[in-house]
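1. make a model of this:
(one chain, ligands or ions: 1)
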Amino acid sequence: MRRAIYPGSFDPVTLGHLDIIKRASAIFDELIVCVSVNSAKTGGLFSPEERVALIRQVTEELPNVKVDCSRELVAEYAKSHRARVLVKGLRAVSDYEAEIQMAMVNAKLYPKLDTVFLYTRPKYAYLSSTVVKELARYGADLSDFVPRQIIEQVRAKVAASGQDYL
Ligand code: ADP
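-> Predicted coordinates:
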């Protein structure tokens, strides 16, 4: 069985992430979307468990997608879950440099692991969780940015959090 892992912060999951999830789940037998708690990014808007719940909500109809959360290195997580592929989304050339370096580090840590890059749909090329949080803070319409099922939760969380997550 070809199992792949799609790691990221997903704070919160966006339509750009969801597009990658759908496309990757059509390529692999099983896709684990893994909320990776990154030591470099502290805090955040949603807790890792809340991010997992949001991703579960928007992937309900994708039977081969599982959602998890991990505090370990992605390469370790992949090894212990018997996955040999990492999926990453590429938005712009600016994503490329960091992603390719990360892919090489992960392959060094776990040589059986390969990284597959899916290009973003142009309509999502500008979209990031940071953009979503910024727009939500100004009360903007989020329907072009996050799945409709979670719009209210994002709005409410941003309103309740003030500037704490910045
Ligand atoms: P961000 O906070 O920038 O949204 P994440 O760490 O949550 O980033 O992203 C996880 C993965 O999803 C990364 O591989 C990232 O490049 C990819 N990704 C994020 N947004 C998009 C998008 N709009 N289109 C395609 N891939 C994306």
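
2. what packs against the helix or strand that contains Lys108?
-> Per DSSP states H and E, Lys108 falls inside helix 93-109. Where contact means 3 or more Cβ pairs under 8 Å, 6 or more residues apart in numbering; DSSP states H and E, helix 93-109 is packed against helix 74-80, strand 85-90, strand 114-119. Every residue, glycine included, has its C-beta placed from N, CA and C.

3. do you know which of these lies nearest Phe28?
-> Minimum separation from Phe28 across those (Cβ to Cβ) falls at strand 85-90, 6.8 Å.

4. partner strands of that closest one and their direction?
-> Paired neighbours of strand 85-90 in the sheet (DSSP bridges): strand 3-8 (parallel), strand 114-119 (parallel).

5. for the chain, what lies in contact range of the ligand?
-> 8-10, 14, 16-17, 20, 88-89, 91, 95, 120, 124, 127-130 (Cβ under 6 Å from any ligand atom).

6. count the residues that sit near Leu127.
-> Neighbourhood size, Leu127 [other Cβ atoms under 10 Å]: 20.

7. residue ranges in the chain under the pLDDT threshold?
-> Applying pLDDT under 70 to the chain flags residues 39-42, 163-166.
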